[in-house]
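Engineer: show me how the following folds:
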Amino acid sequence: MITDWCRALAVALALLVAAPVAWGVASETFSLVYLYRPDDPFYQQHRAYTGLTLRDAHRPLAGAKAAIRESRFKGQVLGLKFELLEQALAEGASAPDALRNTLAQIGARIFIVDLPLTEVIELGKVLAGESLILLNARHSADTLRGANCSPVLYHTLPSQAMQMDALAQFLSSKNWKKILILEGDAPGDQLLADSFQRSMAKFRLQKVDLRSFVLSNDPRLREKNNVTLITSGVKYDVLFLADSVGEFGRYVPYHTQRPLLVVGSEGLQPGAWHWTWERHGAPQLNQRFDRVAKRRMTDVDYAGWAAVKAVVEALVRTESTDVATLRDFLVSGNFSLDTYKGAPGNFRAWNHQLRQPMLLHVHNAVLARAPLPGFLHQKNHLDTLGIDAPETPCVLTR
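Structural biologist: Residues are numbered from 1 along each chain as shown. Got it, this is the predicted structure:
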């Protein structure tokens, strides 16, 4: 298999023998800006009542840094020096104003946006007519690819619809079609359950029941906090768990009334990346990331890495730093990003979501890659995952 280094070398040699690029031989700095809030509550540690930290939230910054480091050689050949600038927003500062100030001061027009969902939506609306590229490597919310899409927003993290479609494909392929859904009362739980039910309908899975749970030790609520009781009295093949917090869900496997599988927030999960993925050059990518971050690569790390690599690939292929040229190329049929997952990625023209395979994994192994064999599409098999063009509520006006 050809490694990423070999591919970079091949591109470099081709460029060396080709005509000089438009910006010449002299080194020029090309800046990407990472926009974030230091006090973002999403990244604060959320501890269980015993003091345990159940889930660590990592910023996409480490993945972006790894990609900048990987891209140095390509930049040298093009006469460009890639740099990643970190812009922290002050408490209470307006994100659109801060972005415009950066644009005025240094001229940067490509931003990796690590901000709360409401602010990303605001940026997309306020700056829709600007000559910019805003890269979303944090939020999987379908609304950013739907009703709140924007011509300046591009998404490298898979949408929630893509994730749930991958999981539904796997269950369908196993003929595990009767699903019991457990849903919590946290804000993200209903969105997760609703998204999975859309995927169930798409791949003809059957919902046998939807039951709610509460995180409580109150014995009067045992019918909603006792896993054995909640899962009794119904026949199903698989339990889908919608628990965005994770405190209740960690006790669901092995406590169900029937000895059956758990998927969703626990057990088998869909993701953009997993540290145990071993094919298509993945070990080399994991090693390069580890050298930068000193930890294992996660979904958002991968999305941050893909955001930078997509921009670099567009620069190399177009030999241009013009934002309009780059935006057009990203959604063209000529753009291709090595995903390290066995199929090239490219952006969907109708909602700017990066097409990519999904990895279905447990905590220490990848069990399958979606799209799975047998799930076909008339144009691109990766479009069996997520919202397809005829379904999208997104309306992009350039």
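
Engineer: what segments of the protein are helices?
Structural biologist: For the chain, the helices identified by DSSP state H occupy 4-17, 61-70, 72-78, 95-106, 117-126, 160-173, 187-202, 222-225, 227-230, 282-293, 299-318, 323-330, in order along the chain.

Engineer: make a markdown table from those helices and add mean pLDDT and mean neighbour count to it.
Structural biologist: For the C-beta atoms, the positions are set from N, CA and C on the backbone; glycine is no exception. What follows is those, written out as a markdown table (pLDDT from 0 to 100; neighbours: other CB atoms under 10 Å):
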| stretch | mean pLDDT | mean neighbour count |
| --- | --- | --- |
| helix 4-17 | 47 | 13 |
| helix 61-70 | 97 | 22 |
| helix 72-78 | 86 | 17 |
| helix 95-106 | 92 | 15 |
| helix 117-126 | 98 | 18 |
| helix 160-173 | 98 | 25 |
| helix 187-202 | 96 | 18 |
| helix 222-225 | 73 | 16 |
| helix 227-230 | 94 | 17 |
| helix 282-293 | 97 | 17 |
| helix 299-318 | 97 | 25 |
| helix 323-330 | 97 | 17 |
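
Engineer: let me see the contact set for the nearest residue to His139 once chain neighbours are set aside.
Structural biologist: Excluding its sequence neighbours, the residue lying closest to His139 (CB to CB, 6 or more residues apart in numbering) is Leu117, at 5.4 Å. The contact partners of Leu117, taken as CB atoms under 8 Å, 6 or more residues apart in numbering, are 139, 141, 143-144.

Engineer: next one: Gly92
Structural biologist: In this structure, Gly92 makes contact with no residue, judged by CB under 8 Å, 6+ apart.

Engineer: centroid-nearest residue for this protein?
Structural biologist: When the chain is reduced to its mean C-alpha position, the nearest residue by CA atoms, centre = their mean turns out to be Leu157, at 1.6 Å.

Engineer: isn't that residue right next to Leu135, touching?
Structural biologist: No - using CB atoms under 8 Å, Leu157 makes no contact with Leu135, being 9.7 Å away.

Engineer: returning to that earlier point: which one of the helices of the chain lies nearest to Gly342?
Structural biologist: helix 282-293 (9.5 Å; CB to CB).

Engineer: tilt between the closest one and helix 299-318?
Structural biologist: Following axes from the mean of the first three to the mean of the last three CA atoms, to 10 degrees, one obtains 100 degrees for the angle between helix 282-293 and helix 299-318.

Engineer: what's helix 282-293 packed up against?
Structural biologist: Secondary structure elements in contact with helix 282-293, counted by 3 or more CB pairs under 8 Å, 6 or more residues apart in numbering; DSSP states H and E, are helix 61-70, helix 299-318.

Engineer: could you dump those to TSV with distance to Tyr36?
Structural biologist: Compiled in TSV, those are given as follows (distance: least, CB to CB, whole Å):
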stretch	distance to Tyr36
helix 61-70	7
helix 299-318	11
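
Engineer: quick one, strands of the stretch 251-398 of the chain?
Structural biologist: All strands of the stretch 251-398 of the chain, identified by DSSP state E, counting those that start in this stretch, fall at 261-264, 269-271, 358-362, 365-370.

Engineer: next, count neighbours for Arg258.
Structural biologist: Residues lying near Arg258 (other CB atoms under 10 Å) number 13.

Engineer: leaving out the residues flanking it, which one is nearest to it?
Structural biologist: For Arg258, the nearest residue in space outside its immediate sequence neighbours is Thr231; the separation is 6.9 Å by CB to CB, 6+ apart.

Engineer: swap in Asn380?
Structural biologist: For Asn380, ignoring the flanking residues on the chain, the nearest one in space by CB to CB, 6+ apart is Arg355 at 6.8 Å.

Engineer: let me know whether that neighbour touches Asp383 as I believe.
Structural biologist: Yes - taking contacts as CB under 8 Å, Arg355 lies within contact range of Asp383: 7.0 Å.

Engineer: need the overlap of contacts for the two.
Structural biologist: Arg348.

Engineer: let me see the contact set for Val113.
Structural biologist: The contact partners of Val113, by CB under 8 Å, 6+ apart, come to 35, 120, 123, 134-136, 138.
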